[in-house]
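Peer 1: here is the input, now give the coordinates:
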Amino acid sequence: MPRGVLFVHNNFPAQFRDLALGLVARGVPCCAIAQDHAGVMGAVRTARYTLPRGSTPGIYPLAVRAEADLLRARSAYDAARALQNDGWDPEVIVGHPGWGEMTFLREAFPNAKQVAFAEFYYRGRGLDVGFDTEFFPFEQESVFKAEAKNAVMALAYAEADAIVSPTEFQAAALPRIFRERTRVIHEGVDVEAIRPGPPEPFALDDGRVIAPGTPVITHVNNNMEPLRGLHILARALPRLLREVPDAQVLIVGDTDKRAYGGSAPEGRTWRDVCFEGVDYDPARVHFLGRVAHARMLAALRLGTAHVYYTYPFVLSWSLVEAMASGCYVIGSDTPPLHDAIEDGVNGRLLPFFDIDALSDALIAACRDPAAAAGMRAAARATAVAAFDRTKGRAAWLSLLQELGLALP
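Peer 2: Below you'll find the model as predicted:
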């Protein structure tokens, strides 16, 4: 029977791509369980499942998430039995419990060690909920709704032999009883492929080209939402564009995806909401949409400053990639950033809601780009030291060996 590793992720491979590829390259048998919309990874046998139905009509609102997670858990168990019938008996299960799939896997593979990935443990107070009440009113029901999201996920952490969280901030969100089994291992980025380089002319969709040397502000906001500070950036732009007449702004993100922080009101997009009433020159603020990775990196290399703001939530890969690219990062002084940026050393940290502070920093960066050279170099050094994919892979492999996985 194949032993090896079973990966479990609603959207596999996601955070487990590099680890799975590394194990396969070493000859370790790997399989996966994922929902039917997940991607394809040819080297890994993937058992996909489809949800049997949607939510129960009229179900108690605080139970909606738990019911959906348990539906996925039951379907994932059936997928596990299908793998078992094909001869799989993994030594270790590595999974993301955020959608419920890990909940019943002990029944299928009772002898397998389990590693649960702790991306974000929801809190009703002190993290993203209640941080910004402009768009998301902070009410008692908001607290209950956030806490209820953990109901099924917590079962997986309780069963796990080990827990892995990408950053100290994310690990600290876990209940105290889980922390003693938690390792902080960031999956990292490819710092050899993602590195500083000479900026090149950047072609826009309308045929115009931004030349190197132009003051350029970059911002990556995957779901174009306020959780990543889009409204703060929008309101800081008018002063920048007035006082730096040749400045250009490149914004990467998809307006059609469901936002982490929730849907925009009244069926609008968050881009519409965040830029409502903002007097800016649309000929100089370029919404690139969802772009190829290489194009995003080209934008980062061209940039004079990169804006990364976030509520107290998961740290984005885009920040780490910006640091690896040697960007001058202007970030929000919120807890997730404290694991990556030290103010004035490898970037700037500004109060999240201080729009004038962001405008000032952007204007200063455009007027004297050379002043940030030391912080750019330090950002790159931090990415190599703390977020190198090879180091993340090595830490994962060491943990799996501790749990009994035999590595060829």
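
Peer 1: which secondary structure state does Ala34 sit in?
Peer 2: strand (DSSP: H, G, I helix; E, B strand; the rest coil).

Peer 1: measure the residue nearest to it when sequence neighbours are not counted to Gln84 for me?
Peer 2: The shortest distance from Ala34 to any non-neighbouring residue, by Cβ to Cβ, 6 or more residues apart in numbering, is to Phe12 (3.9 Å). For the C-beta atoms, the positions are set from N, CA and C on the backbone; glycine is no exception. In this structure, Phe12 and Gln84 are 18 Å apart, going by Cβ to Cβ, to the nearest Å.

Peer 1: neighbour-wise, which of these two wins?
Peer 2: Phe12 (25 against 15; other Cβ atoms under 10 Å).

Peer 1: what residues are up against the more buried one?
Peer 2: Ala32, Ile33, Ala34, Ala38, Gly39, Met41, Val44, Thr46 (Cβ atoms under 8 Å, 6 or more residues apart in numbering).

Peer 1: rerun at 7 Å
Peer 2: Applying Cβ atoms under 7 Å, 6 or more residues apart in numbering, we find Phe12 in contact with Ala32, Ala34, Ala38, Gly39, Thr46.

Peer 1: check Ala73 too.
Peer 2: Gly100, Glu101, Thr103, Phe104, Val152 are the contacts of Ala73 under Cβ under 7 Å, 6+ apart.

Peer 1: what about the nearest residue to the fourth one once chain neighbours are set aside, how many neighbours?
Peer 2: Here the nearest residue to Phe104 in space, its sequence neighbours aside, is Tyr77; by Cβ to Cβ, 6+ apart that works out to 4.2 Å. As a burial measure, Tyr77 scores 20 neighbours (other Cβ under 10 Å).

Peer 1: what of Gly87?
Peer 2: 10.

Peer 1: from Arg45, how far out is it?
Peer 2: Distance of Gly87 to Arg45, computed by Cβ to Cβ: 10 Å.

Peer 1: Thr218 now?
Peer 2: 39 Å.

Peer 1: for these two, indicate the residue with more neighbours.
Peer 2: Thr218 (26 against 15).

Peer 1: if that one is in a bridge, with which residues?
Peer 2: Leu250, His306 (DSSP bridges).

Peer 1: my guess is it contacts Ala299, does it?
Peer 2: Yes - using Cβ atoms under 7 Å, Thr218 is in contact with Ala299, at 5.3 Å.

Peer 1: name the residues contacting each of those two.
Peer 2: Leu250.

Peer 1: fine, thanks again, bye for now.
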